[in-house]
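Colleague: This is a predicted model, with the sequence first.
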Amino acid sequence: MYAFPNLYSTVAIDLELRHACIRIHINVSCIGLVPQFRKGLSKKQAHMNSKKVKSPHEDLTYRIIGVGMAVHRQLGPGYKEIVYQRSLELALTENGISFDPQEKLPVYNNGNLLGYYIPDFIIENKVILEIKAFATVHQKYLGQVITYLNHTGLPIGLLMNFGERSLRTRRVFPSPPATEFRHNHQWIFVPDWLKEQKRNQTEDLPF
């Protein structure tokens, strides 16, 4: 049994455990041990914790973030996105987290195929993970994750940027008012064969 001084806040304890898990290469699911160390919290801290709203699949998202932190610590910033993609695939597999990488999700309008959304990861059919490798991440990429969430019906996504000195991760949630606008063409991938098919259909139209 480990003992933590009372001066540690819950957040500090969480961070200490996460960092320790990564340093000694223990599966990041050990973050789930945190609650047993909260007995020494003050009444005020306990009241604040009781009011905290738990996000969907919180344990899983913590594990994913822990894996991302380990990959970023190993590689640092400066690589192309594909390097982080492949490294995450290996790290997620090593930590027993199942995923579908860059799955093509068909987008239809009135029965016609418009193209595909391609999120970087769909993890355990619960969480969308989209990764970037920019010096700074534009707000529009939050919209990209929201688009994927609205399309799949999944409750939570993570936007993870490896291009900064420290890994930056944002939790993203669906936007109910936007569910009727599921076809965000900015994020639709149209393969060459579909472009050719659409071009031929346009040429065949009588004018």
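Modeller: Yes, it's here. Numbering: from 1, shown residues only.
Colleague: Where does the prediction get shaky in the protein?
Modeller: 1-53, 177-182, 203-207 (pLDDT under 70).
Colleague: For it, which segments count as strands?
Modeller: For the chain, applying DSSP state E gives strands covering 99-101, 105-109, 112-117, 121-123, 127-132, 156-161, 168-172.
Colleague: Reformat those strands as a markdown table; add distance to Y62 and mean neighbour count.
Modeller: Any C-beta I mention is one placed from the backbone N, CA and C, and that applies to glycine too. Listed next are those as a markdown table, based on distance: least, CB to CB, whole Å; neighbours: other CB atoms under 10 Å:
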| stretch | distance to Y62 | mean neighbour count |
| --- | --- | --- |
| strand 99-101 | 16 | 15 |
| strand 105-109 | 26 | 13 |
| strand 112-117 | 26 | 16 |
| strand 121-123 | 12 | 23 |
| strand 127-132 | 11 | 22 |
| strand 156-161 | 11 | 23 |
| strand 168-172 | 11 | 17 |
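Colleague: Looking at those strands, spot the one closest to I65.
Modeller: strand 168-172 (5.4 Å; CB to CB).
Colleague: Identify all contacting residues around that closest one.
Modeller: With contacts defined as CB atoms under 8 Å, 6 or more residues apart in numbering, strand 168-172 is touched by 55, 61, 65, 68, 128, 137, 142, 145-146, 149, 156-161.
Colleague: just stretch 86-96 next, same as before
Modeller: Residues outside stretch 86-96 that contact it (CB under 8 Å, 6+ apart) are 27-29, 63-64, 67-68, 70-71, 74-75, 98-99, 101, 121, 123, 129, 131.
Colleague: Can you list the helices and strands that the longest helix along the chain packs against?
Modeller: If you go by DSSP state H, the chain has its longest helix at helix 58-75. When contacts are defined as 3 or more CB pairs under 8 Å, 6 or more residues apart in numbering; DSSP states H and E, helix 58-75 packs onto helix 10-23, helix 81-94, strand 127-132, strand 156-161, strand 168-172.
Colleague: Buried residues, that helix. List them.
Modeller: 60-72 (16 or more other CB atoms under 10 Å).
Colleague: could those be laid out in JSON lines, adding distance to I188?
Modeller: Below are the buried residues of helix 58-75 laid out as JSON lines (distance: CB to CB, whole Å):
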{"residue": "L60", "distance to I188": "28"}
{"residue": "T61", "distance to I188": "26"}
{"residue": "Y62", "distance to I188": "31"}
{"residue": "R63", "distance to I188": "30"}
{"residue": "I64", "distance to I188": "25"}
{"residue": "I65", "distance to I188": "28"}
{"residue": "G66", "distance to I188": "32"}
{"residue": "V67", "distance to I188": "29"}
{"residue": "G68", "distance to I188": "26"}
{"residue": "M69", "distance to I188": "31"}
{"residue": "A70", "distance to I188": "33"}
{"residue": "V71", "distance to I188": "28"}
{"residue": "H72", "distance to I188": "29"}
